[in-house]
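1. Sequence first, then the predicted structure:
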Amino acid sequence: MQTMRAMIFEAPTRPLRLVELPVPQAGPGQVLLKVHACGVCHTDLHIVDGELNEPKLPLVLGHQIVGTVVQTGSGAKRFRTGERVGVPWLGATDGTCRYCKQGQENLCNHPTFTGYNVDGGFAEYTVADERFCFPLPIAYTDVEAAPLLCAGLIGYRAYRMAGENVETLGIYGFGAAAHIIAQVAKHEGRKVYAFTRPGDTAAQEFALRQGVDWAGDSTQAPPENLDAALIFAPVGPLVVAALKATNKGSVVVCGGIHMSDIPSFPYNLLWEERVIRSVANLTRRDGEEFLALVPQVPVKTDVTTFPLKQAGEALRCLSNGQLVGAAVIILASD
Ligand SMILES: [Zn+2]
Ligand SMILES: [Zn+2]
């Protein structure tokens, strides 16, 4: 039996472990991918820390997978052997629940999430439902494309939820998602104000290099009030900080899957039709729209790479805020 190297997660707070596993086989409607690169996401951290508590165990993490098709399962006809595809967090849906039927497959009642309910991309091979894979823009290398698949895609969904009439956009937490979405927002003519952990001048300088109009501490007020705020850091008090900085009728969008508690706040911060909302998962339509837009901006992703055996180290760096941009595990060179 052919085997592969994989990093597995066995229990919360236990370090990831490098093991040999059998190479999976493509089932009906699936493709088997040789993984080239896989992005690292805050969601992976929330799984490892036990904050998302229903993972398959043991589990291969990773849901921003770039790979080439090496085998197609029965009935899988969408991609040919050798073609490069991306695999996102939404691995499959039931296709029959009321959310799927009304165009909200991101809220499916019986979803499958990559690197959570099924094995993901911190391994040399993985299988995926071909209907949920995306062709990737050719201008991007494997490593550059990986962060588009969650940081970019779910960041984009959060950005779209901010609405059309946004002249001033605040972004709280300037990591992988923010650095991509800041470029999109500037491309669409908005003013972008970036907020980082207090004193994180490295992240503030990084934000300015992405073309934002101002960067400062999350405790500071922006130069002018915000028409919308995107919160990418999993820090509940930022919701209140953002509300304080908003104009009437604005939206505060929480882009993460987990966040620390939001402190209580006076009603007048929400008054005048301000809205707080979350964004959950993605639809395939989000992915198609976003991946078509990316080369037009063009979005440039800033990536720090790690070999497979250092996936745990990549998660630690993400947790400590030591990274600028996105972390990507490399399995094979471009
Ligand atoms: Zn993610
Ligand atoms: Zn459904």
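-> Sure thing, it's come through. Predicted, not measured: the structure shown is a model, and the values here were computed from it. Ligands and ions are numbered 1, 2, ... in the order given.

2. When you work out contacts or count neighbours from here on, use the C-alpha atoms and nothing else.
-> Noted.

3. just checking, residue 66 touches residue 84?
-> Yes. In terms of C-alpha atoms under 8 Å, residue 66 counts as a neighbour of residue 84; the distance is 7.1 Å.

4. neighbour count winner among those two?
-> residue 66 (32 against 23; other C-alpha atoms under 10 Å).

5. Which residue lies closest in space to that one, excluding its sequence neighbours?
-> residue 86 (4.7 Å; C-alpha to C-alpha, 6 or more residues apart in numbering).

6. and the one you found, how many neighbours does it have?
-> Counted with other C-alpha under 10 Å, residue 86 comes out at 27.

7. where's it relative to residue 67, distance?
-> 7 Å (C-alpha to C-alpha, to the nearest Å).

8. before we move on, what about residue 177?
-> Residue 177 is 21 Å from residue 67, by C-alpha to C-alpha.

9. for stretch 1-14, which positions count as buried?
-> By neighbour count on 16 or more other C-alpha atoms under 10 Å, the buried set for stretch 1-14 is 5-12.

10. Kindly report the same for stretch 257-269.
-> Those would be 257-259, 269, for stretch 257-269 by 16+ other C-alpha under 10 Å.

11. Check the gap between the residue nearest to residue 66 and residue 297 for me.
-> 20 Å.

12. same deal with residue 126?
-> Counting by C-alpha to C-alpha, the gap from residue 126 to residue 297 is 31 Å.

13. of these two, who's got more company?
-> Using other C-alpha under 10 Å as the criterion, residue 126 and residue 297 rank with residue 126 on top: 26 against 14.

14. In three-state terms, label the more buried one for me.
-> strand (DSSP: H, G, I helix; E, B strand; the rest coil).

15. Mind listing the residues bridging to it?
-> residue 33 (DSSP bridges).

16. Numbering from 10 from now on, please.
-> All set: I'll call the first residue 10, so the last point we hit is now residue 135.

17. Looking at it now. What's its pLDDT?
-> Predicted confidence (pLDDT) for residue 135: 98.

18. Look at residue 30 and say how many residues are nearby.
-> For residue 30, using other C-alpha under 10 Å, the count is 17.

19. Which secondary structure element is home to it?
-> strand 26-31 (DSSP states H and E).

20. residues touching residue 142, list them.
-> 94-97 (C-alpha atoms under 8 Å, 6 or more residues apart in numbering).

21. What segments of the protein are helices?
-> 51-57, 107-110, 151-154, 160-170, 185-196, 210-218, 246-253, 293-302, 320-328 (DSSP state H).

22. returning to what we had before: so what pairs up with the residue nearest to residue 75 in the strands?
-> residue 75, residue 143.

23. That one against residue 72, yeah?
-> No. Residue 95 is not in contact with residue 72 according to C-alpha under 8 Å; the separation is 9.3 Å.

24. intersection of neighbour lists for these two?
-> Joint contacts of residue 95 and residue 72 (C-alpha under 8 Å, 6+ apart) are residue 158.

25. The nearest residue to residue 164 once chain neighbours are set aside: neighbour count?
-> Leaving aside its sequence neighbours, residue 164 sits nearest to residue 186 (C-alpha to C-alpha, 6+ apart; 5.3 Å). Residue 186: 28 surrounding residues under other C-alpha under 10 Å.

26. Got the confidence number for residue 186?
-> 96.

27. contacting residues around it?
-> With C-alpha under 8 Å, 6+ apart, residue 186 has these contacts: 159-161, 163-164, 241.
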